[in-house]
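Participant: prediction below, plus the sequence it came from.
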Amino acid sequence: MENYLENTDVAEIREVLDHSNNIIITTHTNPDGDAIGASLAMFLYLKKRGFNVRVIIPDTFPEFLAWLPGAREIMIFEQFSEQCIEFIRQSDLIICLDFNNLKRLNQLGDEIRRSDSVKVLIDHHLNPAVEFRYKISFSKISSTSELIYDFICESGYKDLLDREIADCLYTGIVTDTGSFSYACNYVKTYLITAELFRLGIDGEHIHRLVYDTYSESRLRLLGYAVSEGLHVLPEFHAAYIVLTLDDLKRFNYQVGDTEGVVNYALSIKDINLAALFMEREDNVKVSFRSKGNFSVDRLAREHFGGGGHSNASGANCDTNVNETVNRFLALLPGFWDELRHVYND
Ligand code: 5GP
Ligand code: MN
């Protein structure tokens with residue numbers, strides 16, 4: 001297998017890990033399957049090696065990930081900030097997974113920034129910040145979970161991989177590739193996946209646990225988003241969905257319920273840019289998706305203060321929902337030519 005870890009700080013991270021006692025693993029707000037899968041895989045691996053380790057995340061995670069091994073041990077900063085701050089104070093190493101900037105952790109990010117612990121980043125987003133001592137940052141890979149698999153093997157602990165760790169890693173890979181439908185052109189992803197099956201995972205069962213556990217209201221929210229919330233702008237090869245607080249209340253919104261909704265806007269033929277605007281109490285959560293070489297990381301970074309990957313990015317905006325949508329609409333004429341000529345390289 002190709003070694004993606006060359007030119008990263010893998011050796012330094014191994015070394016600092018060997019000399020650590022109290023380790024914190026953390027990931028980004030609004031965590032997805034890769035964020036939680038990679039964190040729990042690392043957690044289970046480090047526990048097996050005998051470290052005192054905790055997973056602390058900024059806010060709650062979706063119910064469809066609650067079955068993952070170790071999920072019940074995750075500490076949520078929003079709910080237990082005092083205890084979390086104490087654990088951060090006692091830690092000597094903080095492993096940051098699946099994000100590229102501590103800003104993505106809100107208040108928890110502030111606490112981590114203040115901490116003297118060694119900060120390590122393992123991530124696959126573009127443009128990692130400089131605030132981490134050591135990094136494994138590689139954006140041409142499906143998921144952080146894939147990097148964790150490599151990291152464990154490269155550290156000489158392949159024999160510690162087991163079914164539970166494999167469940168977590170597979171969930172991360174499946175969710176970050178939309179069940180192998182994007183970011184999925186790398187042979188390595190399938191070689192790693194094959195190894196995970198060798199460890200005994202049940203792919204069909206995991207698929208049902210992650211994707212076939214909708215509540216009725218979640219499915220109706222999706223139906224509403226697609227039939228009422230969707231706006232299509234064929235001239236700009238763009239489509240967007242708006243969900244207001246009232247819409248979300250009407251469908252009894254729970255964390256994770258809008259996961260994947262934006263992809264439906266992108267599934268329309270000749271639509272190359274899709275957006276989801278979700279109104280929240282004090283901000284608007286924006287998700288961008290694109291096809292081919294149109295970079296929504298750049299769009300999110302340059303115009304909405306966010307970021308992510310070339311074909312999947314996001315932002316949190318302080319402007320109200322109308323202003324945020326209007327900012328997006330005002331940008332489209334400038335991208336007209338680019339959006340007409342999207343190609344897949
Ligand atoms: P999603 O739309 O699924 O929430 O996020 C898509 C991608 O964009 C993910 O890789 C996520 O990490 C990134 N992303 C989402 N929101 C933000 C944000 O507010 N800031 C930055 N920098 N990245 C984000
Ligand atoms: Mn990821």
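Facilitator: Sure, I can see it. Ligands and ions are numbered 1, 2, ... in the order given.
Participant: only C-alpha atoms for contact and neighbour calcs from this point on.
Facilitator: Noted.
Participant: show me what the longest helix that the chain contains is packed up against.
Facilitator: In the chain, with assignment by DSSP state H, the single longest helix is helix 321-340. Judged by 3 or more CA pairs under 8 Å, 6 or more residues apart in numbering; DSSP states H and E, the packing partners of helix 321-340 are strand 273-279.
Participant: tilt between the strand it packs on and helix 321-340?
Facilitator: Relative orientation of strand 273-279 and helix 321-340, computed by axes from the mean of the first three to the mean of the last three CA atoms, to 10 degrees: 170 degrees.
Participant: quick one: is the very next helix or strand once past strand 273-279 near ligand 1?
Facilitator: Next in sequence after strand 273-279, counting helices and strands by DSSP states H and E, comes strand 284-290. Yes - counting by CA under 6 Å from any ligand atom, ligand 1 has neighbours in strand 284-290: S287, F288.
Participant: distance of D59 relative to S313?
Facilitator: Look at D59 and S313: by CA to CA, to the nearest Å, they are 19 Å apart.
Participant: repeat that for I136.
Facilitator: To S313, I136 is 20 Å away according to CA to CA.
Participant: return the distance of stretch 76-85 from the chain's centre.
Facilitator: Counting by CA atoms, centre = their mean, to the nearest Å, stretch 76-85 is centred 21 Å from the centre of its parent chain.
Participant: count of neighbours near E15?
Facilitator: Other residues lying near E15 total 12 when counted by other CA atoms under 10 Å.
Participant: and the strand or helix carrying it, which residues are buried?
Facilitator: Taking DSSP H and E as the definition, one finds E15 inside helix 10-18. For helix 10-18, the neighbour count (16 or more other CA atoms under 10 Å) marks V10, A11, I13, L17 as buried.
Participant: same deal with stretch 49-68?
Facilitator: Neighbour counts over stretch 49-68 (16+ other CA under 10 Å) mark 51, 53-62, 64-65, 68 as buried.
Participant: any residue of it touching ligand 1?
Facilitator: No - against ligand 1, stretch 49-68 shows no contacts by CA under 6 Å from any ligand atom, the least distance being 12.3 Å.
Participant: rounded mean pLDDT for that stretch, please.
Facilitator: Stretch 49-68 carries an average pLDDT of 98.
Participant: using the three-state scheme, assign H28.
Facilitator: coil (DSSP: H, G, I helix; E, B strand; the rest coil).
Participant: let me fix that, I meant to ask about F197.
Facilitator: helix.
Participant: whatever residue of the stretch 101-250 of the chain ends up closest to ligand 1 - nearest residue in space that isn't next to it in sequence?
Facilitator: Nearest residue of the stretch 101-250 of the chain to ligand 1: R104, at 6.0 Å (CA to the nearest ligand atom). Closest residue to R104 apart from its sequence neighbours, by CA to CA, 6 or more residues apart in numbering: H28 at 5.7 Å.
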